[in-house]
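S.K.: Kindly return the folded structure for what I paste below:
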Amino acid sequence: MAAAIRAGELSPVEVAAHYLDRIERLNPQVGAYTTVTAELAVERARLAEKQVREAADPRDLPPLHGVPIPVKDLNMVRGVRMTFGSKVFDELSGFADDNVVLLLREAGSVLLGKTATPEFGLPCYTENALGPPARTPWDLSRSAGGSSGGAAAAVAAGLAPVAQGSDGGGSIRIPSSVCGLFGIKPTRGRVSQGPIVPDLFGLSANGPIARTVRDAAALLDVMARPMPGDLYLAPPLAAGETFLGHADRPPGRLRIARSREPAVAGAEVHPDCVAAYEEAGLLLEELGHEVVELPSLLGPELVPHFVLLWGVMATLTPVPAESEHLLQPLTRWLRERGHAVTAPQLFQAHAALQAALRTAFPVMNGFDAILHPTLAQPPAPIGYFHDQEPEENFERQMRFTPFCAAYNISGQPAVNVPLHWNADGLPIGVMLAGRLGGEGTLISLAAQLEEARPWIDRKPPIWDE
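M.R.: Numbering: from 1, shown residues only. All right, here's what the predicted structure looks like:
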């Protein structure tokens, strides 16, 4: 799309109008957007079109010039409504641009709006008190996942070509899996979290959600720039190296470990998720890679430490005392747990996780990639989590997604690859994790898988509406 716009083959105004029309018609069904910035999108699209006409050499225009891209409603855009998925902030307007928003604008993108997220991005599904649930376009009775559920629903339903998301415990990979998309959680520190949101625990990362590996790689290229004040910095790319370049480069023969042993006690991996995992392993071997079993490393003993951090994270968003009653039951429950944590307990949890990683990294670094199921179950029905009491809600979430959070703890990059659909036509993703700084290898490997088992022609029925 960007290439066609630069060549004058596509009009940014017509492209924006296409997506705005689809959003107006279909967003009530899929719940992808909390806020639509139609006037701003048209204004920026007109400017983009004018710049194409006046450019001495259109090839010098920014890499995503005129391409519409939405921003998740956990990220602030100056002058645009900002809710954090919560009634508490229903009337808040952004007073600054997050760094990732600034970089997307510098890349020439056109803002379509803010995509739906659950309250403070805490759950793995996207249902809140602000609007309809985010639904996977493959089955509108089922959740689009979370917390980047609105972003994934938008891309899968054709309401955006690509989207920005964020991932603190699987929040890019989960919705990418249930919506049949390719999503990247980058290495810790690859994409800036600033300037508003603190990255104290280093669990969360901004990243791309797309229909193809190349689109995701192109979006990551414009998002991945260190900014002043960032607490973490990922290993830099070599001079002239790009993530898009890796998408066009064969990975060579890789040594890949695999495991479908869930890190959450009591979690059972559904046969559909096992089938997707086994098929992916066989395909990797067919492509010439060595596939071996991963020793048990980051197991159930670490889950309580992560849960403790998650509760503390829930307290970081300031909520006035008079607005506490507006919070969702799950959010209140998590915040109560977080406020009960003492400083020594918090540091002990960090120390326990660090000790486990010091044992695990020498083993994991012996592999170029690690294969897991992305989720333990197929896409969940709307209300499966949200309609439960908080404790049962959270327990169901942990059993649903027992593989993702380990790589938020470690900071390693991880991707969802949409290789499998079950007998009911629902997408079932597989996850590949890499070494710290190893996004390029994952992108190259995923592109090879995409070429071997293309998924671009798989579209949900709503695509043609």
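S.K.: For the stretch 351-465 of the chain, just list every one of the helices.
M.R.: For the stretch 351-465 of the chain, the helices defined by DSSP state H, counting those that start in this stretch cover 390-400, 406-410, 439-452.
S.K.: Would you mind saying which of those lies nearest residue 246?
M.R.: Residue 246 sits nearest to helix 439-452 of all those, at 4.0 Å, using C-beta to C-beta. All C-beta atoms are positioned from the backbone trio N, CA, C, and that covers glycine.
S.K.: buried sites along that closest one?
M.R.: Across helix 439-452, burial judged by 16 or more other C-beta atoms under 10 Å covers 439-450.
S.K.: got it, and stretch 90-97?
M.R.: Buried, per 16+ other C-beta under 10 Å, within stretch 90-97: 94, 97.
S.K.: mind checking the end-to-end distance for that stretch?
M.R.: End-to-end distance for stretch 90-97, by C-alpha to C-alpha, to the nearest Å: 18 Å.
S.K.: next one: it to chain centre, how far?
M.R.: Here stretch 90-97 is found 22 Å from its chain centre; the criterion is C-alpha atoms, centre = their mean, to the nearest Å.
S.K.: Equivalent analysis for stretch 76-83, please.
M.R.: 20 Å.
S.K.: got the contact list for that stretch?
M.R.: Residues from elsewhere that reach stretch 76-83 (C-beta atoms under 8 Å, 6 or more residues apart in numbering): 34-35, 37, 40, 71, 73, 89-98, 101, 111, 114, 130, 196.
S.K.: could you redo the last one with a cut-off of 10 Å?
M.R.: 34-37, 40, 71, 73-75, 84, 89-98, 100-102, 104-105, 111, 113-114, 116-117, 119, 128-131, 195-197 (C-beta atoms under 10 Å, 6 or more residues apart in numbering).
S.K.: Can you classify the residue of the chain most remote from its centre as helix, strand or coil?
M.R.: In the chain, counting by C-alpha atoms, centre = their mean, residue 56 sits farthest out from the average C-alpha position, at 36.9 Å. Secondary structure, DSSP: H, G, I helix; E, B strand; the rest coil: residue 56 is coil.
S.K.: Let me know the pLDDT of it.
M.R.: Residue 56 is assigned 92 on the pLDDT scale.
S.K.: Same question for residue 152.
M.R.: With respect to pLDDT, residue 152 scores 98.
S.K.: same thing with the one 5 residues further on?
M.R.: Looking at residue 157, its pLDDT stands at 98.
S.K.: now it, nearest residue through space, not along the chain?
M.R.: Leaving aside its sequence neighbours, residue 157 sits nearest to residue 137 (C-beta to C-beta, 6 or more residues apart in numbering; 4.2 Å).
S.K.: quick one: pLDDT of that neighbour?
M.R.: In this model, residue 137 is scored at 98, pLDDT.
S.K.: contacting residues around it?
M.R.: Residue 137 neighbours (C-beta under 10 Å, 6+ apart): 26, 29-30, 32, 144, 152-159, 179-180, 459-463, 465.
S.K.: Recalculate using a threshold of 7 Å.
M.R.: Contacts for residue 137 (C-beta atoms under 7 Å, 6 or more residues apart in numbering) come out as 30, 153, 156-157, 179, 460, 462.
S.K.: any chance you could map the strands in the protein?
M.R.: 33-36, 68-72, 110-115, 162-167, 182-185, 205-210, 255-258, 290-293, 369-373, 414-421, 427-434 (DSSP state E).
S.K.: In CSV, list these along with distance to residue 268 and mean pLDDT.
M.R.: Shown next, in CSV, are those (distance: least, C-beta to C-beta, whole Å; pLDDT from 0 to 100):
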stretch, distance to residue 268, mean pLDDT
strand 33-36, 34, 98
strand 68-72, 31, 98
strand 110-115, 31, 98
strand 162-167, 24, 98
strand 182-185, 24, 98
strand 205-210, 27, 98
strand 255-258, 18, 98
strand 290-293, 19, 98
strand 369-373, 11, 98
strand 414-421, 18, 98
strand 427-434, 15, 98
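S.K.: Ok, which of these comes nearest residue 321?
M.R.: strand 33-36 (25.1 Å).
S.K.: Show me which residues of that closest one are buried.
M.R.: Neighbour-count burial for strand 33-36 [16+ other C-beta under 10 Å]: 33-36.
S.K.: and of the helices of the stretch 351-465 of the chain, who's closest to residue 349?
M.R.: helix 406-410 (10.5 Å).
S.K.: other SSEs contacting the closest one?
M.R.: If you count contacts as 3 or more C-beta pairs under 7 Å, 6 or more residues apart in numbering; DSSP states H and E, helix 406-410 packs onto no helix or strand.
S.K.: quick one: low-confidence ranges for the stretch 301-450 of the chain?
M.R.: By pLDDT under 70, the stretch 301-450 of the chain contains no weakly predicted segment.
S.K.: distance between the ends of stretch 428-439?
M.R.: Using C-alpha to C-alpha, the distance between the terminal residues of stretch 428-439 is 22 Å.
S.K.: Could you do stretch 137-147 as well?
M.R.: Using C-alpha to C-alpha, first and last residues of stretch 137-147 are 16 Å apart.
S.K.: Tell me who's in contact with the residue nearest the centre of the chain.
M.R.: With distances taken as C-alpha atoms, centre = their mean, residue 172 lies nearest the centre of the chain, 1.8 Å away. Neighbouring residues of residue 172 by C-beta under 7 Å, 6+ apart: 148, 165-166, 183-185, 207, 209.
S.K.: mind checking how far it is from residue 247?
M.R.: 17 Å (C-beta to C-beta, to the nearest Å).
S.K.: Then residue 20?
M.R.: Relative to residue 247, residue 20 is positioned 29 Å away (C-beta to C-beta).
S.K.: tell me which residues of stretch 5-15 are tucked away?
M.R.: 5-6, 10-13, 15.
S.K.: Closest one of the buried residues of helix 439-452 to residue 260?
M.R.: Minimum distance to residue 260 across the buried residues of helix 439-452 is 17.7 Å, recorded for residue 449 (C-beta to C-beta).
S.K.: rewinding a little: columns distance to residue 292 on top of the helices of the stretch 351-465 of the chain, output as TSV?
M.R.: Putting these into TSV (distance: least, C-beta to C-beta, whole Å) gives the following:
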stretch	distance to residue 292
helix 390-400	27
helix 406-410	18
helix 439-452	16
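S.K.: And for residue 105, the neighbour number?
M.R.: Residues lying near residue 105 (other C-beta atoms under 10 Å) number 19.
S.K.: Which pLDDT value goes with it?
M.R.: 98.
S.K.: how near is it to residue 245?
M.R.: Taking C-beta to C-beta, one finds residue 105 at 24 Å from residue 245.
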